[in-house]
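S.K.: Just need the structure, nothing else, for what follows:
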Amino acid sequence: MTIDVRAFEFFADPPREDALAGETTARLNSGVGGMLELLRSLAAQLSFPSYFGNNWDALEESLQDLLPNQGRALALVHETLPPDLTDSELRTYLEVLGRVILHRQEFGEPKLRALFSQEMRDRVERLASR
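M.R.: Residues are numbered from 1 along each chain as shown. Here you go, the predicted structure:
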């Protein structure tokens, strides 16, 4: 699957809380190291149900099906990328985000925004173009 990087937003400075008002927000920072930590961090910050499966499919399902029911837009702010994610894992994560963004747009659900630090742009674009 080709990832359309135009679905992602890039920032020079992390957005302030007031700029994200009205959105359910998860911030991913240097405390998140690998895939499992990433999934657990998102699950905790976004209040996924206790049966969340800690895998990519469960993440996609939760972002598509559970959060829109809250009626709020969602912002995932990536201040850094988990350093222990392989390129393959990061590409899968970007694919999941891209699919969910398109799904939510297509079905008129509250918007999902995936925001990345400008410093990550080259890596995100390189992986998206594979």
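S.K.: pLDDT at Glu109, what is it?
M.R.: Glu109 is assigned 87 on the pLDDT scale.
S.K.: That one: what secondary structure?
M.R.: Three-state call for Glu109 (DSSP: H, G, I helix; E, B strand; the rest coil): coil.
S.K.: do the one 4 residues further on as well
M.R.: Judged by three-state DSSP, the three-state class of Arg113 is strand.
S.K.: Can you give me every residue that contacts it?
M.R.: Contact analysis of Arg113 by Cβ atoms under 8 Å, 6 or more residues apart in numbering lists Glu9, Glu23, Ala73, Leu74, Ala75, Leu76, Ile101. Placement of C-beta: from N, CA and C, glycine included.
S.K.: Quick one: neighbours of the fourth one, just the number.
M.R.: Same thing as Leu74. Using other Cβ atoms under 10 Å, the number of residues around Leu74 comes to 22.
S.K.: can the contacts of Arg113 go into CSV with extra columns for distance to Tyr93?
M.R.: Compiled in CSV, the contacts of Arg113 are given as follows (distance: Cβ to Cβ, whole Å):
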residue, distance to Tyr93
Glu9, 16
Glu23, 20
Ala73, 20
Leu74, 15
Ala75, 16
Leu76, 10
Ile101, 13
